[in-house]
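*Asks:* can't give you the sequence, but here's the structure:
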């Protein structure tokens, strides 16, 4: 634990235990989403599914990167991950991104992906609002993740025909905002 760092966050008026709980729940959401996206990705087949597979893979890898970036901050603030993976799964800040009943319905798959990203946007916005101007390190991390989650939401929303596209697909590098936190 980084004692002075935690103390500075506490002195700013943030309830550090509440913040750590949110970070752990988001880490659980990121890791479980990585797992469920793996299952979704392998079921994206056929003409429509294959067209979505690359972008789903990018979101999957970036969610894993979010988990990796969150863990050091949790421990810096005196927190810890649950020792039991099942407990970790069950405290996720977002519901599991289960396969839809009809795995051949690509629109249903996209809706699952979209709902997961929309939940993540809400979670990181909450952390940003809690830490803005008070805990610069956590704010910077949460904002970086929020930027990528907003892009994921836009990707899946646009696959459902919601509005014109305001972005281009990433080529090559993943996590343009979060990569600075990955050591």
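*Replies:* Sure, I can see it. In this text the structure is predicted, and so the values were computed from the model without any measurement.

*Asks:* what are the ranges of the helices in the chain?
*Replies:* 3-11, 16-42, 46-76, 85-90, 106-131, 136-159 (DSSP state H).

*Asks:* which residues of the protein score low on pLDDT?
*Replies:* The chain contains residues with pLDDT under 70 at 168.

*Asks:* can I assume residue 91 is in contact with residue 28?
*Replies:* Yes. When contacts are counted by CB atoms under 8 Å, residue 91 is listed as touching residue 28 (5.4 Å). Backbone N, C-alpha and C define where each C-beta goes, glycine included.

*Asks:* Pick out whichever of those two has more residues nearby.
*Replies:* Between residue 91 and residue 28, counted using other CB atoms under 10 Å, residue 28 has the larger neighbour count: 23 against 14.

*Asks:* List the contacts of the residue nearest to the more buried one when sequence neighbours are not counted.
*Replies:* Leaving aside its sequence neighbours, residue 28 sits nearest to residue 92 (CB to CB, 6 or more residues apart in numbering; 4.1 Å). If a contact means CB atoms under 8 Å, 6 or more residues apart in numbering, then residue 92 has 25, 28-29, 32 as its contacts.

*Asks:* Filter those residues down to the buried ones.
*Replies:* Using 16 or more other CB atoms under 10 Å as the burial test, the contacts of residue 92 include 25, 28-29, 32 as buried.

*Asks:* Who are the contact partners of the closest residue to residue 56 other than its chain neighbours?
*Replies:* Once flanking residues are discounted, residue 56 sits nearest to residue 41: 5.0 Å by CB to CB, 6+ apart. The neighbourhood of residue 41, defined by CB under 8 Å, 6+ apart, consists of 53, 56-57, 60.
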